[in-house]
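Trainee: Below: sequence and its predicted model.
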Amino acid sequence: MRFDLISVFPEFFDVLKLSLVGKAREHGLLDIHAHNLRDWTTDPHRTVDDTPAGGGAGMVMRPDIWGKAIDTALRAGSGRQVLAIPTPSGTPLTQRACEDLSHADQVIVACGRYEGIDARVAQHYAGQAEVFEFSLGDYVLNGGEIAAVALVEAVGRLIPGVVGNAQSLVEESFSEAGLLEYPVYTRPEEWRGLTIPSVLTSGDHGAARRWRRDRALDRTVERRPEMIAALDAATLDKKDRRYLASLGYLVPKSAPHPERAEVRPASASDVPALVALAARTFPDACPPAMSPASIAAFINEHLSERAFAEYLADPHWVTTVLISGGRPAGYTLALLPEGNGVAGAEDGAPDGVVERDGPLVELSKVYVDRAYRGTGATAWLMDATLARLDEATSDYPRPVVWLGTNAGNRRAQHAYRKAGFEKVTTREFLVGEERNSDVVMARPLRVA
Ligand code: 6GU
């Protein structure tokens, strides 16, 4: 692969004699030529710039000088030729772009100084080469030379043989995984009071792999959240998804990417979407034999726009919503009693069956949209709801929360058991006109 680097400071490129790039040149893997732009001037002052058309500060590099220099470089190469122009107004230089450039036969880098190169240069060469105006990031350098060195190193190391261990190319940041790299450690095991995380020295390779994966996720969420939003969901296993949920991202079924999610108190503006969510999710909790008319009657009575408006207006109701990708994906409704009384007496509250020294709170509804089941959403919503109820009953030593769920709904009972609920009794529950057998479950709000 041939690089032609053109600049008024060709000495900048002496660094490319060092290290792996220098070795690759010695081995004939990279053919790098530095040129002085002034060699194409003809005047005694070797002038390469002039004042900007239209006025303004600084100087602009002349297209005629650049034209002669670039023509010479193009004649020296062949095949797929790329003219790369470093400029803070270019497209960001990414690993993808570097991988693409590593398949070119020649890259000419035209390094501007001052206010840049006359725009007609990029325009003209677009007809006879691939023109790539690129930037290293959102800051301004005095010229393109540092960017040219960065490009040669980033592209050059992708040429087979330049980097000894091909595996290290696979594992590093911005490769397949789309995540930042995990932190790395080496001996000594203790340095200035800091130790190597013990999982890395335990010999448990599976655990070490998982730890590294979680740290890569942590870092990416913290430093580059836009990379999380762009992650390919197909590359995420169940544990990745669980861990991402703990960091505030959910991956619903068949979604292409993780979504930013949050759990918060519901507000009036959530009501229309909550009503739609409630109507979608309530039937899933009903036994298969339940008539549509009974389901509709229940929804109309307890999950309508009017009903949600009442829940929100009544301080005894604690209404919590899980928002994912900007839309409600789950909600809970809980009822606080007066003082340390009993909530949901008419719903079959298990007072007397459970031991308590504080309010008996009813967790009336816990619903998560189908696409979000098994994503960690339910546990998150449940934990956040219980935390709110704990807070609301903090004046009492031993408040208890209870709920009723259809006896046939194993999935729900399993989820509640995982959240610390235990079966305490049963009740009859009316949906529309139909009687249902419910399991009643309860748990202390505060677990020591
Ligand atoms: Cl490619 N050139 C200049 N002059 N400044 C930059 C840059 C390039 N990338 C970031 N800042």
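Mentor: Received, thanks. Numbers count the residues shown, from 1 in each chain.
Trainee: residues in contact with Leu389?
Mentor: 318, 334, 336, 361, 363, 399, 401, 445 (CB atoms under 8 Å, 6 or more residues apart in numbering). No exception for glycine: its C-beta is placed from N, CA and C like everyone else's.
Trainee: thought the last one was touching Ala392?
Mentor: No. Under the criterion of CB atoms under 8 Å, Leu445 makes no contact with Ala392, lying 9.2 Å away.
Trainee: more crowded one of those two?
Mentor: Leu445 (23 against 17; other CB atoms under 10 Å).
Trainee: which of the contacts of Leu389 has the most neighbours?
Mentor: Per-residue neighbour counts (other CB under 10 Å) across the contacts of Leu389 peak at Val361, which has 29 neighbours.
Trainee: Wait, it touches Gly341, no?
Mentor: No. With contact defined as CB under 8 Å, Val361 does not reach Gly341; the gap is 10.1 Å.
Trainee: For the ligand, what's its nearest residue on the stretch 251-400 of the chain.
Mentor: His257 (28.0 Å; CB to the nearest ligand atom).
Trainee: now that residue: how far from Ala177?
Mentor: Here His257 is placed at a distance of 14 Å from Ala177 (CB to CB, to the nearest Å).
Trainee: These two: who's more crowded?
Mentor: Ala177 (20 against 15).
Trainee: Show the contacting residues for the more buried one.
Mentor: With CB under 8 Å, 6+ apart, Ala177 has these contacts: 216, 235.
Trainee: For it, give its distance to the ligand.
Mentor: Relative to the ligand, Ala177 is positioned 26 Å away (CB to the nearest ligand atom, to the nearest Å).
Trainee: Just grab the bridge partners of Asn436 for me.
Mentor: On the basis of DSSP bridges, Asn436 is bridged to Phe429.
Trainee: What is the neighbour count of it?
Mentor: For Asn436, the neighbour count with other CB under 10 Å is 19.
Trainee: go on, the one 5 residues further on?
Mentor: Here the neighbour count serves as a burial measure; for Met441 (other CB under 10 Å) it reads 23.
Trainee: In terms of pLDDT, where does it sit?
Mentor: Per-residue pLDDT puts Met441 at 98.
Trainee: For it, which residues are in contact?
Mentor: 402-405, 413, 416-417, 421-424.
Trainee: go again using 7 Å as the cut-off
Mentor: The neighbours of Met441, taking CB atoms under 7 Å, 6 or more residues apart in numbering as the test, are 402-403, 405, 416, 421-424.
Trainee: Tell me which of those residues fall in helices.
Mentor: Tyr416 (DSSP state H).
Trainee: Now pLDDT, distance to Leu37 and neighbour count too, for the contacts of Met441, in TSV please.
Mentor: Converted to TSV, the contacts of Met441 look like this (pLDDT from 0 to 100; distance: CB to CB, whole Å; neighbours: other CB atoms under 10 Å):
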residue	pLDDT	distance to Leu37	neighbour count
Trp402	98	80	27
Leu403	98	76	25
Thr405	96	77	23
Tyr416	97	73	23
Phe421	98	75	21
Glu422	98	79	10
Lys423	98	82	15
Val424	98	84	15
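Trainee: Please identify which of the contacts of Met441 is nearest to the ligand.
Mentor: Nearest to the ligand among the contacts of Met441, counting by CB to the nearest ligand atom, is Tyr416 at 54.5 Å.
Trainee: show me the residues around the closest one that make contact.
Mentor: Contacts of Tyr416 by CB under 7 Å, 6+ apart are 403, 405, 441.
Trainee: Low-confidence ranges, the protein, go.
Mentor: Within the chain, the stretches with pLDDT under 70 are 170-176.
Trainee: repeat that with 50
Mentor: Residues of the chain meeting the criterion pLDDT under 50: none.
Trainee: Any residues of it in contact with the ligand? List them.
Mentor: 86-88, 90, 134-137, 139-141, 143-144, 147 (CB under 6 Å from any ligand atom).
Trainee: Whichever of these end up buried, select them in ChimeraX.
Mentor: A single ChimeraX command suffices to select whichever of the residues of the chain next to the ligand are buried according to 16 or more other CB atoms under 10 Å:
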select :86,87,90,134,135,136,143,144,147
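Trainee: Would you mind putting the residues of the chain next to the ligand into CSV with secondary structure alongside?
Mentor: Compiled in CSV, the residues of the chain next to the ligand are given as follows (DSSP: H, G, I helix; E, B strand; the rest coil):
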residue, secondary structure
Pro86, strand
Thr87, strand
Pro88, strand
Gly90, strand
Phe134, strand
Ser135, strand
Leu136, coil
Gly137, coil
Tyr139, coil
Val140, coil
Leu141, coil
Gly143, coil
Gly144, coil
Ala147, helix
